[in-house]
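*Asks:* sharing a model prediction with you, sequence too.
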Amino acid sequence: MKTSKLIVIVLIVAVAGFVIYSMQHNTTSTDEGYVEFIQQERAAMEKFMKGGDGSPFSQDSIVFEGLKFFPADVRYRVKAKLKPIEGKKVVLLSTSDGKEQKYLEYAFAEFELDGVQNQLLILEVMEMGPQRGKLFLAFSDDTSGRETYGAGRYLDVKKVPAAKSVELDFNLAYNPYCAYNDKYSCPFPPKENLLKIAIRAGEMNYHP
């Protein structure tokens, strides 16, 4: 092999190695920044629960013993396809105190996780008040009742007009207030949102 060809091959291999290393390095930096973001969000949540105005622990002399979370895992931050719903219907969700809350179908969020195709129904708040028009997503999964709260968890979803996709970050999944204080009224997940997989991300069960 001519020396010139050998030099070219060596250069190609070196450049390819540098590109791969750079991609890995950038991914690591991004992951580290993401984990730090999740930790900051959780610290803010802990602070509010401990002494914030409106915290479920601020009533009835309930002692706050701290929250538990799964380790932050970027794998559980998924991009879901939004599937529009034609002829949207009103959905009545049963609540923890035996009542019902009214919602409107908004869209289905379709995503793949652990090789499984999943679908969650996103609802829109209909009740009058400051939350009217906002989106609501409640779900349960194979960890519910064991590692996580038995009645499911919630995930905040931002409404973006005409959006065709949505980010579902299960690392930010949280318990309804009923997990800490049974005097609250919390809607249960709709039957469409009973996932068959384990979402080991977000807040775990609260054990005082």
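*Replies:* Happy to help now that I have it.

*Asks:* can you pull out the strands in the chain?
*Replies:* 77-84, 90-94, 100-113, 116-125, 135-136, 138-139, 153-154, 165-169 (DSSP state E).

*Asks:* now those strands in CSV, with distance to residue 199?
*Replies:* To be clear about C-beta, it is placed using only N, CA and C from the backbone, and glycine gets the same treatment. Shown next, in CSV, are these (distance: least, Cβ to Cβ, whole Å):
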stretch, distance to residue 199
strand 77-84, 10
strand 90-94, 20
strand 100-113, 8
strand 116-125, 10
strand 135-136, 17
strand 138-139, 8
strand 153-154, 8
strand 165-169, 10
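
*Asks:* for residue 63, find the nearest of the ones you listed.
*Replies:* Closest to residue 63 of those is strand 153-154 (Cβ to Cβ; 22.5 Å).

*Asks:* tell me which residues are up against the closest one.
*Replies:* 136, 137, 138, 139, 140, 144, 173, 174, 175, 176, 202, 203 (Cβ atoms under 8 Å, 6 or more residues apart in numbering).

*Asks:* for it, what does the pLDDT average out to?
*Replies:* Here strand 153-154 scores 98 as its mean pLDDT.

*Asks:* now swap in stretch 178-197 and tell me
*Replies:* 95.

*Asks:* please apply the same query to stretch 131-148.
*Replies:* Rounded mean pLDDT across stretch 131-148 is 96.

*Asks:* and the end-to-end length of that stretch?
*Replies:* 26 Å (Cα to Cα, to the nearest Å).
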